[in-house]
Each structure stands twice: as structure tokens, then as C-alpha cells.
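K.L.:
below is the sequence, then the predicted model.
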Amino acid sequence: MPILEVKGLRKSFGTVKAVEGISFTVEAGEVFTIIGPNGAGKTTTLEMIEGLQAPDAGTISINGMDWSKNAEQIKYIIGVQPQSGAMFDLLSVEENLDLFAAFYPHSKQAAEVLEMINLTEHRDKRLKSLSGGQRQRLAIGLAMISDPQIIFLDEPTTGLDPQARRNIWDIVLKLKSLGKTTILTTHYMEEAEKLSDRVCIVDQGRIITVDTPAKLIDQLTKEREVRLSFLDGEEAAIATELVAQEQPTVVRTSREGASLKLWSVQPEETLYFVFGFTKEKGYRVEQVSIREMSLEDVFIAFTGKEWRD
Amino acid sequence: MSNGKQLSKLFGAQIKMMFREKQVWFWNLFFPIILMVIFMVIFGGDGGSEFKAKIAVVKSNANSTSNMLEDYLHKVPVFEWKSEQVVSKEQADTWIKDKDVDAVVVLPETEEATALELIVNKENEKSANTQAIRGILDQFIQQSNYAVANVQPTFKLEMSAVSNGSEDLNYVDFLLTGMIALAVAQGGLFGMVDMVEMRRKGLLKRLRMTPVKMGLFGVGGMLVRFVLGIVQIVILAVIGVFGFGANLHLDFPTLIVGFFVGALAFNALGYFFSSFSKSIEAYMGMANIASFLMMFLSGIFFPTSGFPEWLVPVSEVLPLTYFVNGIRDGMVYGSGIATSEFWTGIGILGIWGIIAFALGVLIFRKSKVEVR
């Protein structure tokens, strides 16, 4: 049985349709990421699952339970880090954890959570003296204090610097190793690829596709982009482009000065051939790369829209 | 965790938050202390200073009547003459305009004239000083009439001040208890600013995602406010008694009932304000208006008996009127718990509290749906 099952969720605010029929299931132990541009309906979907908003239509089942009948029991098994990151600013890190622990019949020790979120040395600091990343880690810590089965993280890394983001990723990976189910939203594609077992791409209140990051990328066209740049100037690039175009594996090419881009369905073979040619001619290749396909390409392929962070 | 344990945790956390907030210290302790000290220094006095009025006497024509009145005036002990001699009208006018004297008495110009003229500065026309001088002169004229007619008055008025409880109730006691009531009331009116802030920051929403009982959270907060109220009462009373010689006649059952119901009622009002205030500014504005209106209309600084008639009904509906009466019953009158007046006041306070709380809950429930 899936730990979370969402069927046909719909929600409108006045005339704005925020969520238009979202369905998915999450298995226990998964890191499930909902990704999409701002205003795609991620937070609304999450808030409906967390019981903060009643859906206009659709059903939500959490570990076989339903908000209308088992609200209290559901609250015992979920932990939430909301986007607002609201906490008690006049209390210290540890006091916040202690207070939230008091809300639950069973909870973890504050010290254990402090260790996991790497805030042990800041335990006595008031919240106003914490950095953005430390605050966010505490918000996640508060979501973990009741030792819940499912943890919801709503854009935990938005607005953080790269190092602080990586620290949050570490926590998510730790949660995964503990067998927790994590529902994550983000608008960083890189994050979704790194952390998720499965990714659910949403746009304008609808699911575009759900799958593992690797499979989503695999579904894309088989062409890969190969980039080369030459030390001997334009001439070498022009000559290489001409011979490459005769290759059956090369779909198209483009050139700008001494840099050349080739789209190939078999990049290894294409490169083998190109290097044979450049060695014969004595052209010196300065840089070579095969661009990895990312979830951004998936988004672009599915929506035809540009991806913006 | 059991409810009791949870409540004690919630209480502990909230009391820390309360006393870590500098605003709480300022508005709930320093502000009422400063206000009380100022009022006591200005109006409290030591009660020992006697009334004195500075006057000048104008005599434009010496005749037997004016000479006699001048003589008598010299003998009135509360009149202090600006110049030992009578002065000209022009000189006296200048003094009046510059407020060098409180009043000028113009003696009759002719022997047959019977009118005595009193001149005061227009600004002071209605002041207590002018009223007193007038009263004294009235008395003086009457005495002079008796002297001329050679009769002995039959009736005499003897005045002494009394209150319904202790014999030594004075303005300092009145003001002290007024300030205590005001401080506790303001603690309630302004104290719910946390609710606005918690809602604005999404903390209320965050708490709704946990199984914590919001009712229990509220009870914890209320207990913290009771602690703050007790601290306010003790500090203000200590300053009043030791700094300004206030006399207290404590009646604990009365004080406890009055304080408990009053604190609940004013917190309920604060809660009601917080239910529809979208920002701290809006809330503070609302609390300020309520607090200022009541401060002056409920007999905190001065008794309401001096109010114009049309204002009395307004004063009679305000909760602070009943709260301050309850506190005075419990702290200086040493009476109360047995009187129906006390319980009527407590009843009215309670009604205010219940209505405000019910409206607050209703509005909070309604707005919850709109939270995004």
C-alpha cells in the first residue's frame, strides 16, 4: 500500500484555478519531488495534503487515513516544514525544538535532532542571530522532532547560497537513509535530480509527467550535444563541421567562430571520428564536452517553455 | 504528553517569550510607573500645603466703606497681597494680564456703593483658584454684612472629607489603584499583538499542522498574563505605598475576583481586536483608541463625578469603569465582595469579556478559510 495516495485534487481561489486534477502515489521510503515554476500549484497541492486547505474535489489518503476522519492521527505521522519558516523568534534553537516536542505524545530528543541538522553548537542562540541556512535547518528539525513517517519540505533551499543548499541536501539524504518518506517541492532542477527517487513535474496546476529523473531524461530524444573548440581558429572549425555533416549519426551542426556544436545520436562514435580527422589534419582541440541532459530539457520538451529558476 | 505536562511546557515557553520582549517591559511596567509618578508628583502633593491666593486691591477713592473693607481684607489669612498698599486700576490690570496676581479686588468708589468687583484673568475664569477666591469673597461680604448689621449668624458649615471605607483615603490612593487597573487593562488590550504577529508570520498556520490544542496554547498565554498582572500590581503598589505614602486596605477575595475577571475581559478585548487586524499597526491603533478613551472616561485619574451629565452614561458602559471600581473595592475601600454593586460591576465586565471573546473566535474561524 502506498503511504500517500492523491487522486484528482482540484482547488480554485475565486477565478484562479490553482490545482486542476492532480493524482499521484508515493511509496514508503521514497523522496518524491514536486517541481514546477512559481505559481504552478506546488504549495497549494502540498497544503491540501498537509490538511491546511480543503480540496474542492479529490481524495487524499495518508497511510490509509483521511483528514476528515483521522486528523489527529495524521498529524502524529507527518512533519511539515512550511515555506514561511515560521518559528518562535524569541526562543532559542533548542527551546523551539523542546516546545514542538511537547506537542506530540512521542518525540525525539532535541539533542538528537540538533545533531542531525548540525546545529548543536548553535543550540542556545536566539533565532534572530541565525543565518538563513541555519534557520531553514531548524525548520526542518522541527518537522523531524516527532519522528514522523512522512516529511514535507516546501522549497527548503529557496534563497539559500550554494553551500547552505548542499547542507540541506545532506539532511534530506540522511532522512532517506533512515527510511523516511520525503515529499519535497523545489524549483531548482539540479536539486530534484540529485535528491529524488521520483520527480513529478507540474505546470499550471496539472501534472506534466512523473518518473525517476533518469527515465525522464531517457525519454527525451536520443541526440546529445557535443561541443568542441579549436585552438587554430575558424578554419579548423569549418573543416571539421563539413566532414561531421557527412556522418550519418550527426543530426545537425552549428558553429560560432572557433566553437562547434554537433548533435549526434551516437556521441562516442562521432567523437572517435572527429578526433581521427583532427589528428590527421593536425588541428589542436582546446575543449571538448558532451552536454548532459537535465530535467530542464525535460521541462522544455514537455511544455515547450523556457525554464527559469 | 499529558495535557498538564503540555500546558506547563507551553506556559514555560510563553513566559520566556513575554519577558524577553522589551516592548512588554516598557509598556506594561515602565510606562505605567512613569505615568503614575508624574500624576502623583503633580496632583498628589503631600496634602499639607494650604490654599493661598495672591491678590491686589484697588481703591480709587478713600471713603469709610472702602477703608473698612480694605481693613477686613487685610485680615483674611489666605489672601496674600502683592503690594501691601492699595494700587491703581492700571497697575492691577497689568498684573492680572501678566498673571502676577490671581485676582484683583476693586473696592467701592463711594461710601454708598455696595458692590465689590472681582477681576480675574480670562484664562483662569473657571479655574479652581478663581472658584475658591470667589467663595471666600462671598463669605467675606456676608461676614461684612453681618458686622454692619450687627447680627450673629445662626448656621455654620463645618466640612471634613470622608470616603465610604477608610478614613484616610486620599488622592494618592485613588490614583494608585487607578494606575493599577489601567496597567492591567492595557496589558490585555495591547498584549494580543502576538496573535497578529503569529498570524502574519504564519506561525498560527504552522501550529495547526501539529497536534497541539490551540485552546491549551491560549490557556498557557492567559496564565502568563496573570503573572504579568500580579507583577504590575505588586510593583505599582510598592512604589505608591513607599514612594508616595498611599494607604492600602486590602481585601483579597475582592481583589482576586476583580483582577481575575478584569484581566480576562481585557484580554478578550485584545483578542477581539487581533481577530480582524491584518497588521501590527492596525492592532496597535485600535488598542490605543480603546485605551485612551477609557483612560479618561473611566475615572482612572479623576473621579467621574465631575463629568458633564451627557458623558456619564458613556462612562457607565465602559468596562474599565467597573474594573477600576473592583480594584478600588479590593485595595482601598476594603469592602466589596459582599455588595451587590461589586457583583454588578463584575457581571458587566464578564459580559464585555464573553462578547469580545465570542466575536473574536467567530472572526478567526471565518478568516481561517481564506488563509493561503
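P.N.:
Here it is on my side, so go on. Numbering: from 1, shown residues only, chains lettered A, B, ... in the order given.

K.L.:
list the contacts of the residue in the stretch 201-309 of chain A that chain B sits nearest to.
P.N.:
When scored by CB to the nearest CB, the stretch 201-309 of chain A has residue A:205 as its residue closest to chain B, at 14.6 Å. C-beta: built from backbone N, CA, C; applies to glycine. Neighbour list for residue A:205: A:17, A:18, A:19, A:20, A:21, A:22, A:40, A:41 [criterion: CB atoms under 8 Å, 6 or more residues apart in numbering or on different chains].

K.L.:
show me the shaky parts of the stretch 251-372 of chain B.
P.N.:
Within the stretch 251-372 of chain B, the stretches with pLDDT under 70 are B:335-336, B:368-372.

K.L.:
near chain B, which residues of chain A are found?
P.N.:
Applying CB under 8 Å from any CB of the partner chain, one finds that chain A approaches chain B through A:13, A:44, A:50-53, A:72, A:75-76, A:78, A:80, A:82, A:84, A:86-88, A:90-91, A:95, A:98-100, A:102-105, A:126, A:146.

K.L.:
filter those down to the ones in helices?
P.N.:
A:44, A:72, A:75, A:76, A:95, A:98, A:99, A:100, A:102 (DSSP state H).

K.L.:
ranges for the helices of the stretch 101-250 of chain B?
P.N.:
Using DSSP state H, counting those that start in this stretch, the helices assigned to the stretch 101-250 of chain B run over residues B:128-149, B:171-191, B:193-200, B:203-208, B:214-238, B:244.

K.L.:
so how far is the last one off the chain centroid?
P.N.:
Centre-to-centre, helix B:244 and its host chain are 16 Å apart (CA atoms, centre = their mean, to the nearest Å).

K.L.:
re the thing from before, rebuild the helices of the stretch 101-250 of chain B as a markdown table, extending it with distance to residue B:331, mean pLDDT and mean neighbour count.
P.N.:
What follows is the helices of the stretch 101-250 of chain B, written out as a markdown table (distance: least, CB to CB, whole Å; pLDDT from 0 to 100; neighbours: other CB atoms under 10 Å in any protein chain shown):
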| stretch | distance to residue B:331 | mean pLDDT | mean neighbour count |
| --- | --- | --- | --- |
| helix B:128-149 | 27 | 78 | 14 |
| helix B:171-191 | 5 | 90 | 26 |
| helix B:193-200 | 28 | 86 | 19 |
| helix B:203-208 | 37 | 88 | 20 |
| helix B:214-238 | 8 | 91 | 17 |
| helix B:244 | 14 | 86 | 21 |
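
K.L.:
hang on, the earlier thing: and the contacts of residue A:205, which is closest to residue B:177?
P.N.:
Among the contacts of residue A:205, residue A:18 lies closest to residue B:177 (CB to CB), at 56.2 Å.

K.L.:
quick one, strands of chain A?
P.N.:
Secondary structure of chain A (DSSP state E): strands at A:4-13, A:16-26, A:31-35, A:57-62, A:78-81, A:150-154, A:181-186, A:198-203, A:206-211, A:224-230, A:250-256, A:259-264, A:285-290.

K.L.:
quick one: closest of these to residue B:365.
P.N.:
Using CB to CB, the strands of chain A put strand A:4-13 closest to residue B:365, at 18.9 Å.

K.L.:
tilt between that closest one and strand A:57-62?
P.N.:
On the basis of axes from the mean of the first three to the mean of the last three CA atoms, to 10 degrees, strand A:4-13 is oriented at 140 degrees to strand A:57-62.

K.L.:
using CSV, list the CA coordinates for strand A:4-13.
P.N.:
In CSV, the C-alpha atoms belonging to strand A:4-13 read as follows (Å, rounded to 0.1, in the frame of the first residue of the first chain):
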residue,chain,number,x,y,z
LEU,A,4,0.4,8.6,0.3
GLU,A,5,-2.2,8.5,-2.4
VAL,A,6,-3.6,11.6,-4.0
LYS,A,7,-6.5,11.4,-6.5
GLY,A,8,-8.0,14.1,-8.7
LEU,A,9,-7.1,17.1,-6.4
ARG,A,10,-8.7,20.4,-7.5
LYS,A,11,-8.6,23.8,-5.9
SER,A,12,-9.6,27.2,-7.1
PHE,A,13,-9.2,30.6,-5.5
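
K.L.:
which positions within that strand qualify as buried?
P.N.:
For strand A:4-13, burial by neighbour count (16 or more other CB atoms under 10 Å in any protein chain shown) applies to A:4, A:5, A:6, A:9, A:10, A:11.

K.L.:
now those in CSV, with pLDDT?
P.N.:
Listed next are those as CSV, based on pLDDT from 0 to 100:
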residue, pLDDT
A:4, 94
A:5, 94
A:6, 94
A:9, 93
A:10, 93
A:11, 93
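
K.L.:
between those, which sits nearest chain B?
P.N.:
For the buried residues of strand A:4-13, the nearest to chain B is residue A:11 (10.3 Å; CB to the nearest CB).

K.L.:
in contact with that closest one, which residues?
P.N.:
A:17, A:18, A:19, A:41, A:44, A:48, A:53, A:55, A:56.

K.L.:
the third one: neighbour count?
P.N.:
In this case it means residue A:19. Neighbours of residue A:19 under the rule other CB atoms under 10 Å in any protein chain shown: 28.

K.L.:
tell me who's in contact with it.
P.N.:
Residue A:19 neighbours (CB under 8 Å, 6+ apart): A:9, A:10, A:11, A:41, A:44, A:45, A:48, A:55, A:205.

K.L.:
equivalent analysis for the fourth one, please.
P.N.:
Applying CB under 8 Å, 6+ apart to residue A:41 gives the contacts A:11, A:18, A:19, A:20, A:22, A:202, A:204, A:205.

K.L.:
per-domain residue ranges of the chain.
P.N.:
Since you didn't name a chain, this refers to chain A. A:4-218, A:222-292 (automatic domain parsing).

K.L.:
oops, chain B please
P.N.:
According to automatic domain parsing, the domains of chain B span B:3-44+B:170-366, B:53-149.

K.L.:
so which of those is nearest chain A?
P.N.:
Comparing the domains of chain B by CB to the nearest CB, domain B:3-44+B:170-366 comes nearest, at 3.4 Å.

K.L.:
so which residue is dead centre in the chain?
P.N.:
Because you didn't say which chain, this covers chain A. Central residue of chain A (CA atoms, centre = their mean): residue A:192, 2.2 Å from the mean position.

K.L.:
right idea, wrong chain: chain B
P.N.:
Mean-position check on chain B, CA atoms, centre = their mean. Result residue B:301 at 1.6 Å.

K.L.:
pretty sure it contacts residue B:40?
P.N.:
No. Taking CB atoms under 8 Å as the definition, residue B:301 is not a contact partner of residue B:40, at 10.5 Å.

K.L.:
so for those two, which residues contact both of them?
P.N.:
Jointly contacting residue B:301 and residue B:40 under the rule CB under 8 Å, 6+ apart are residue B:175.

K.L.:
type out the ChimeraX command that picks the buried ones from the contacts of residue A:205.
P.N.:
To isolate the buried ones among the contacts of residue A:205 in ChimeraX, judged by 16+ other CB under 10 Å, type:
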select /A:17,18,19,20,22,40,41
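
K.L.:
and which of the contacts of residue A:205 is nearest to chain B?
P.N.:
Using CB to the nearest CB, residue A:18 comes nearest to chain B of the contacts of residue A:205, at 9.0 Å.

K.L.:
so what pLDDT did the closest one get?
P.N.:
Note for residue A:18: predicted pLDDT of 90.

K.L.:
which residue packs closest to it, ignoring adjacent ones?
P.N.:
In space, residue A:18 comes closest to residue A:44 once its chain neighbours are excluded; the distance is 4.3 Å by CB to CB, 6 or more residues apart in numbering or on different chains.

K.L.:
kindly report the same for residue B:81.
P.N.:
residue B:55 is the one closest to residue B:81 (CB to CB, 6+ apart), at 6.4 Å.

K.L.:
could you look up the SS state of the one you found?
P.N.:
strand (DSSP: H, G, I helix; E, B strand; the rest coil).

K.L.:
ok, it - how many residues close by?
P.N.:
By other CB under 10 Å, 23 other residues sit near residue B:55.

K.L.:
could you list every residue that touches residue B:275?
P.N.:
Residue B:275 makes contact with B:195, B:359, B:360, B:361, B:362, B:363, B:364, B:367, according to CB under 8 Å, 6+ apart.
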